[in-house]
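Engineer: A predicted structure for the sequence below; I have some questions about it.
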Amino acid sequence: MATIDFNNKTFSLIDNSENGKVNADTIFEYKQQGHVVTADYYGGTVTYGKIIAILKGDILDMRYQCITSDNQLKTGKAIATISTLENGKIKLALNWEWLDDSNAKGTSVYLEH
């Protein structure tokens, strides 16, 4: 797989488990410096969120935190599998889990704008 560049890429949710906190109105704005990938996210059910990740080939090892629109502070981790569509857009398929008392797990899919 060719090296993926996340710098200045924007993503939106296209599929999510019911227990996820983001929705189609949540925007993810990515930056990258070497193998370190970060993102700010906001909108919909998220007031503000932050992702920090390590790029390992076609995998992003992610940690994230957010403040939801109902003032919950949430923290979690995810492994995102990266693929590139025929049109050149990046798709992220996440297996995630919340790191709180719920220990909820789920999946999400994001697509580059």
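Structural biologist: Yep, that arrived. Numbers count the residues shown, from 1 in each chain.
Engineer: which residues of the chain fall in strands?
Structural biologist: Taking DSSP state E to define them, one finds strands in the chain at 10-16, 27-33, 36-43, 46-56, 59-68, 73-84, 90-98, 105-112.
Engineer: Just the buried positions in the second one, please.
Structural biologist: Along strand 27-33, these residues count as buried under the neighbour rule (16 or more other C-beta atoms under 10 Å): 27-28, 30, 32. In this view, the C-beta of every residue, glycine as well, is placed from N, C-alpha and C.
Engineer: got it, and stretch 5-21?
Structural biologist: In stretch 5-21, counting by 16+ other C-beta under 10 Å, buried: 6, 9, 11-13, 16, 20-21.
Engineer: need the strands of the chain in TSV with mean pLDDT, can you?
Structural biologist: TSV is the format used below for the strands of the chain (pLDDT from 0 to 100):
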stretch	mean pLDDT
strand 10-16	95
strand 27-33	97
strand 36-43	97
strand 46-56	97
strand 59-68	96
strand 73-84	96
strand 90-98	96
strand 105-112	96
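Engineer: sorry, back to before: could I get the buried residues of strand 27-33 in JSON lines, plus columns for distance to residue 107?
Structural biologist: Formatted as JSON lines, the buried residues of strand 27-33 follow (distance: C-beta to C-beta, whole Å):
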{"residue": "27", "distance to residue 107": "20"}
{"residue": "28", "distance to residue 107": "16"}
{"residue": "30", "distance to residue 107": "19"}
{"residue": "32", "distance to residue 107": "23"}
